[in-house]
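Peer 1: please find the sequence and the predicted model below.
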Amino acid sequence: MKHLLGVLTLTLVSTSAFAGFYNPVTEQVVPTVTETFGVQHSGSASLDSTIIDTRGAYAFSSIGTLRYFDGGAGGTQSPGSFTLAAKNGTSFDIVSDYIPNKGPAVGTALQGGGTFDGTALWLTDTMFKPKHAPAIGTYSPGSTGTYWDGTVGPADTGADWCLNSSSMVSMALPRDTTTKGSYVSSFDVYVPSHNGDALAGSQNVRATSYNFWVGPYLERDEFSLQSAGGIGGDPTLSVSTDAWHKVDVRMDFTVTTQGPYYTYADYYASGHGPTDNIWNHDSGSVLLSYYVDGALIRQRTQVLDQTSMRQRPADTPISFSAGGGIIRGCQGSAPELYIDNIMVGQIQAAPILGDADHNGKVDFNDYLVLESSFGGPPSGVSNADFDNSGKVDFIDYLALESNFGYGAGVPEPMTLTLLGLGGLAIIRRR
């Protein structure tokens, strides 16, 4: 299910109960795109009904990236319906374990409220029909088996995900300036435990790991801006198993654009190649802050790939989305995981309650705006309907009163007196 959301004019509460990745007093989150994966028992395992895509960051076939929709008892994706061919051994490509699939139960509690509705994105070590996985101890690629969908192939090296190109969020880059922007990608994640439940025949070379890779995915005109197919190879996160967790990745971009500038027409007409001195001198970086259940886990600065930044025509925006994946068990990844409630949005400055004339201060001029429209709908550019109820009322006066003096220094005694008298007049008008 795809939801493209318009810009909202009111201050939003965080998509979870945890607002650790932004300051709700000075910032607001404006969702741009979300994905919730539809209705249980409807559709199929295909990603076609979603806005999810793969980039081959960890595996070129990405046979292990699919939609989870029918995992209840007796369902086509119920626990034990498939065999995960894990590579937990000493070699990257030797199948060492057979692990049965195991998904979250419908109704499992989500962090921040709500419960799991039975649909999600499903990332797996290559998943085969029971008794049809490549033999344990064999190299795969090399040996093959029958996949969950009936096709035949080897145990893959991992699975990745991001949003498709039409659903990514873009940041415009005006010429010859430094642009800053803040965004967030958020999702719920569930990692099932698999300790002690490997199927018969396992070599049990090492204990199961439960890490997973977290993006975001970054590109400019479909040219990746970081390694591993644009999703990145760092960091990995780990959460407690058999419970839902909220992951928020804050992205604070700083990008500088500088000519010379060219167009694709210029490029193709002149026959210029990458070594010719026609590329721009754009550069940038993004500070990535990773939060799990509202707590800051890690920060890193990603320098945007210089070649991809410079070999794009002028005014080409940066595009990005939530993303991530898993790779081989011997490299620390979980055998499978579930992603739900994906959201990518912009972090903007929050409107100041009480600032009716939008000058960054709450002063007596704002009271005059409120008084002039009190009892009716807001009118004009100045707006005293601070709670967006469609009416300027006493609730809006209380909001103005509580923030009076913000950005304007210490109010003069006479101003406070006038405000108090104005409040009494408003009370008489209620």
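Peer 2: Right, received. Where do you want to start? As the structure is a computational prediction, the values presented were derived from the model and not from experiment.
Peer 1: rest of the way, CA atoms for contacts and neighbours
Peer 2: Noted.
Peer 1: excluding its backbone neighbours, what's nearest L123?
Peer 2: Nearest in space to L123, with sequence neighbours left out and distances taken as CA to CA, 6 or more residues apart in numbering, is T65 at 4.8 Å.
Peer 1: surely the one you found and D156 touch.
Peer 2: No: here T65 does not reach D156: they are 11.2 Å apart, not a contact under CA atoms under 8 Å.
Peer 1: confidence score at H358?
Peer 2: At H358, the model reports a pLDDT of 83.
Peer 1: one more: the one 10 residues further on?
Peer 2: Model confidence at L368, given as pLDDT, is 89.
Peer 1: over to Q258?
Peer 2: You'll see Q258 listed with a pLDDT of 87.
Peer 1: just give the number of residues close to it.
Peer 2: As a burial measure, Q258 scores 17 neighbours (other CA atoms under 10 Å).
Peer 1: what strand or helix carries it?
Peer 2: Under DSSP states H and E, no helix or strand contains Q258.
Peer 1: state the distance from it to D305.
Peer 2: Noted for Q258: a distance of 16 Å to D305, by CA to CA, to the nearest Å.
Peer 1: try K129
Peer 2: Distance from K129 to D305, by CA to CA: 41 Å.
Peer 1: also Q346?
Peer 2: Noted for Q346: a distance of 22 Å to D305, by CA to CA.
Peer 1: phi first, then psi, for F394.
Peer 2: Main-chain torsions, F394, degrees, to the nearest 10: phi -70, psi -30.
Peer 1: check S165 too.
Peer 2: Main-chain torsions, S165, degrees, to the nearest 10: phi -60, psi -40.
Peer 1: for it, give me its contacts.
Peer 2: E222 (CA atoms under 8 Å, 6 or more residues apart in numbering).
Peer 1: need the pLDDT of it.
Peer 2: For S165, pLDDT reads 91.
Peer 1: first-to-last residue distance for stretch 377-395?
Peer 2: Using CA to CA, one end of stretch 377-395 lies 14 Å from the other.
Peer 1: ok, back up a step: residues contacting the residue nearest to L123?
Peer 2: So T65 contacts T54, L121, W122, L123, T124, A159, D160, W161 (CA under 8 Å, 6+ apart).
Peer 1: quick check: the gap between the last one and K131.
Peer 2: The reference is to W161. Distance from W161 to K131, by CA to CA: 28 Å.
Peer 1: neighbour-wise, which of the two wins?
Peer 2: For W161 versus K131, neighbours defined as other CA under 10 Å are more numerous around W161 (30 against 12).
Peer 1: any idea how far the residue lying closest to the more buried one once chain neighbours are set aside lies from S333?
Peer 2: Once flanking residues are discounted, W161 sits nearest to T54: 4.7 Å by CA to CA, 6+ apart. Separation of T54 from S333 (CA to CA): 18 Å.
Peer 1: residues touching the residue nearest to T124 when sequence neighbours are not counted, list them.
Peer 2: Distances taken as CA to CA, 6+ apart place E336 nearest to T124, at 4.1 Å, with adjacent residues excluded. Counting by CA under 8 Å, 6+ apart, E336 touches N101, W122, L123, T124, D125, V191, P192, I326.
Peer 1: the second one touches I326, doesn't it?
Peer 2: No: the pair W122 and I326 does not pass the contact test of CA under 8 Å, sitting 10.9 Å apart.
Peer 1: higher neighbour count, these two?
Peer 2: I326 (31 against 21).
Peer 1: pLDDT weak spots in the stretch 251-400 of the chain?
Peer 2: Where the stretch 251-400 of the chain drops to pLDDT under 70, the residues are 262-278, 314.
Peer 1: those helices in it, which residues are they?
Peer 2: With helices called from DSSP state H, counting those that start in this stretch, the stretch 251-400 of the chain shows them at 264-270, 306-310, 364-373, 394-403.
Peer 1: with mean neighbour count added, can I get those in CSV?
Peer 2: Below are the helices of the stretch 251-400 of the chain laid out as CSV (neighbours: other CA atoms under 10 Å):
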stretch, mean neighbour count
helix 264-270, 11
helix 306-310, 19
helix 364-373, 19
helix 394-403, 18
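Peer 1: now do the end-to-end distance for stretch 142-153.
Peer 2: Its first and final residues considered, stretch 142-153 spans 9 Å by CA to CA.
Peer 1: now what about it, what contacts it?
Peer 2: F82, T126, M127, F128, K129, H132, A133, P134, A135, P154, A155.
Peer 1: can you get me a residue count around the first one?
Peer 2: The local packing count at F82 equals 24, with neighbours defined by other CA under 10 Å.
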